[in-house]
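Enquirer: sharing a sequence plus its predicted fold:
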Amino acid sequence: MSNIQVLVRTNYVEAQSIPLEHRYVYTYTITIANKSDVPAQLISRHWRITDANEKLQEVQGMGVVGEQPHLKPGESYTYTSGVILETETGIMEGTYHMRTDEGAMFDAPIPTFALVPPHAVH
């Protein structure tokens, strides 16, 4: 359908992580850019979060960080959220369910990205 680009930056939050308690905190900043010629609104999200033990968490809900941004062609929207894992590393992927101003529904894929603390990067 429409060309929605999703860019992701991740950050390991060492100050909030407690490895001895299997608590690893990450933030992720996402920029959603409307590269099409049709306005579209983000309606809901669906995340698949997998830790290093292959434990899957699925998160679904309306909007992102309490908003349902409406993007005109060429516009972008950036937000930051977070996740807590039981293992030091993991991956996330998902989709944003979008609606054009004409009412057409479509999914914008969120590419798979890694959650890895700086000391674990080779």
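Expert: Received the coordinates, thanks. Numbering: from 1, shown residues only.

Enquirer: residue 97 and residue 104 touch, don't they?
Expert: No - applying Cβ atoms under 8 Å as the test, residue 97 and residue 104 come out as separate, 11.7 Å apart. All C-beta atoms are positioned from the backbone trio N, CA, C, and that covers glycine.

Enquirer: more neighbours: which of the two?
Expert: Legend: neighbour count by other Cβ atoms under 10 Å for residue 97 and residue 104, higher for residue 97 (16 against 12).

Enquirer: contacts for the helix or strand containing residue 107, please.
Expert: Using DSSP states H and E, residue 107 sits within strand 105-115. Residues from elsewhere that reach strand 105-115 (Cβ atoms under 8 Å, 6 or more residues apart in numbering): 1-2, 4, 6, 8, 10, 12, 24, 26, 28, 30, 32, 40, 42-43, 47, 83, 85, 89-100.

Enquirer: of those, which belong to strands?
Expert: If you go by DSSP state E, the contacts of strand 105-115 have 4, 6, 8, 10, 12, 24, 26, 28, 30, 32, 40, 42-43, 47, 83, 85, 90-100 in strands.

Enquirer: can you get me a residue count around the residue lying closest to residue 58 once chain neighbours are set aside?
Expert: Distances taken as Cβ to Cβ, 6 or more residues apart in numbering place residue 48 nearest to residue 58, at 5.8 Å, with adjacent residues excluded. Around residue 48 there are 15 other residues, counting by other Cβ under 10 Å.

Enquirer: go ahead and confirm residue 48 touches residue 54.
Expert: No - if you go by Cβ under 8 Å, residue 48 and residue 54 don't touch, sitting 11.6 Å apart.

Enquirer: what is in contact with these two at once?
Expert: With Cβ under 8 Å, 6+ apart as the test, residue 48 and residue 54 reach no residue in common.

Enquirer: what is the burial count for residue 24?
Expert: Around residue 24 there are 25 residues (other Cβ under 10 Å).

Enquirer: same question for residue 98.
Expert: Residue 98 has 23 nearby residues by other Cβ under 10 Å.
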